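Asks: What follows is a protein structure lacking sequence information:
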């Protein structure tokens, strides 16, 4: 709809029904891409409000070279100082690159949600992602990539203004994989709702009343920061509260090639995924995936496993 809308007062009932394809061949890309807005937001005195917007188109980013500091999402790539409410993504998200240098934030609704300095709230509330998010890269070790079903990364702004998710639902599977030769990727965070908040949150939570209703398939055993709600809470002041993990979902952290012989003597090769099925007995272990600081058990306050 708009490449850069900053500052923007409000946007309501805006829909995108078209497929968006962005190709960055043989050059480094640095910017923001979204189905509705690439970069949008408000200011300290005039915060933005985006509400009741829908993306129905599939979104593609493809590169044969370097990608640096890309904010990529189905609705808004990069969002500053404002509120996104009651909005939905129905399109699939495809991020395929050959080499990444650093700082790529990808989300079903927002890639990078920032409560601006001096200013306003960075709220993503009552939003739903129904699209599958697929992330592929053949990349350098330790590239900072944050992938979330709703939000990739969210930052607290100045004057204790928080950025947070509330009442959001992710129904879209997240699929992350890389070339088998690249085995040392250790700085990839994957969260069903939120990849990670970068700083503390004075609201007392990073995600609240959110629901994860999808699978996570992350085919590299070295990616340890994988959580059904949040990949890494970073501190006890950004906990996850009252969130739900729906029954029947799973995490796949690795794949194996299995070779067998059929009745005629021909060799059969099949790829097998090593799944962890999330159930009532183990869901607590998969709420988050990183090194959260547990303070009086409030890091996971009120989170539950539900059947629907």
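Replies: Great, that's in hand. Remember, it's a predicted structure, so these values are computed and weren't measured experimentally.

Asks: Return the set of residues that bridge with residue 97.
Replies: Residue 97 forms beta bridges with residue 63, residue 137, as assigned by DSSP bridges.

Asks: Against residue 283, how distant is it?
Replies: Counting by Cβ to Cβ, to the nearest Å, the gap from residue 97 to residue 283 is 32 Å. Glycine gets a C-beta too; all of them are placed from N, C-alpha and C.

Asks: Kindly report the same for residue 52.
Replies: 32 Å.

Asks: try residue 249
Replies: Taking Cβ to Cβ, one finds residue 249 at 9 Å from residue 283.

Asks: Mutual contacts of the two, please.
Replies: Shared contacts of residue 249 and residue 283 (Cβ atoms under 8 Å, 6 or more residues apart in numbering): residue 228.

Asks: my guess is residue 188 contacts residue 177, does it?
Replies: No: using Cβ atoms under 8 Å, residue 188 makes no contact with residue 177, being 10.7 Å away.

Asks: These two: who's more crowded?
Replies: Of the pair residue 188 and residue 177, residue 188 is the one with more neighbours under other Cβ atoms under 10 Å, namely 27 against 16.

Asks: ok, what's across the strand from the more buried one?
Replies: residue 145.

Asks: just residue 306 next, same as before
Replies: residue 246.

Asks: Please apply the same query to residue 70.
Replies: residue 31, residue 104.

Asks: so where do the strands sit in the stretch 201-308 of the chain?
Replies: Taking DSSP state E, counting those that start in this stretch as the test, the strands found in the stretch 201-308 of the chain are 207-208, 211-212, 216-218, 225-227, 240-241, 244-246, 250-261, 267-277, 304-306.

Asks: Those: lowest mean pLDDT?
Replies: Of all the strands of the stretch 201-308 of the chain, mean pLDDT reaches its minimum on strand 250-261 (a mean of 66).

Asks: Tell me which of residue 52 and residue 283 has more neighbours.
Replies: residue 283 (21 against 14).

Asks: Sketch out the low-pLDDT regions of the stretch 1-150 of the chain for me.
Replies: Counting by pLDDT under 70, the stretch 1-150 of the chain has low-confidence residues at 1-6, 9, 25-30, 44, 64-68, 98-102, 115-121, 138-143.

Asks: The stretch 151-300 of the chain too?
Replies: 156-162, 178-186, 198-205, 220-224, 233-239, 253-265, 268-274, 290-300.

Asks: mind listing the helices in it by residue range?
Replies: Under the criterion DSSP state H, counting those that start in this stretch, the stretch 151-300 of the chain carries no helices.

Asks: just checking, residue 48 touches residue 10?
Replies: Yes: using Cβ under 8 Å, residue 48 is in contact with residue 10, at 6.9 Å.

Asks: Tell me which residues touch residue 152, please.
Replies: Residue 152 touches 71, 72, 73, 105, 106, 107, 110, 111, 112, 146, 194, 195, counting by Cβ under 8 Å, 6+ apart.

Asks: Of residue 48 and residue 10, which one has the most company?
Replies: residue 48 (26 against 12).

Asks: Just list whatever residues bridge to the more buried one.
Replies: residue 82.

Asks: which residues touch it?
Replies: Residue 48 neighbours (Cβ under 8 Å, 6+ apart): 7-11, 40-42, 79-83, 120.

Asks: Likewise for residue 277?
Replies: Residue 277 neighbours (Cβ under 8 Å, 6+ apart): 249, 250.

Asks: Enumerate the beta-bridge partners assigned to it.
Replies: Beta-bridge partners of residue 277, as defined by DSSP bridges: residue 250.

Asks: does residue 111 really touch residue 74, like I thought?
Replies: No: counting by Cβ under 8 Å, residue 111 does not reach residue 74; the two are 9.3 Å apart.

Asks: just checking, residue 20 touches residue 57?
Replies: Yes: Residue 20 is within contact range of residue 57, at 5.9 Å (criterion: Cβ under 8 Å).

Asks: who has more neighbours, these two?
Replies: Using other Cβ under 10 Å, the more surrounded residue of residue 20 and residue 57 is residue 57, with 21 against 17.

Asks: In this structure the more buried one contacts residue 91, no?
Replies: Yes: between residue 57 and residue 91 there is a contact under Cβ under 8 Å: 4.8 Å.

Asks: Since that was my last question, I'll sign off now.
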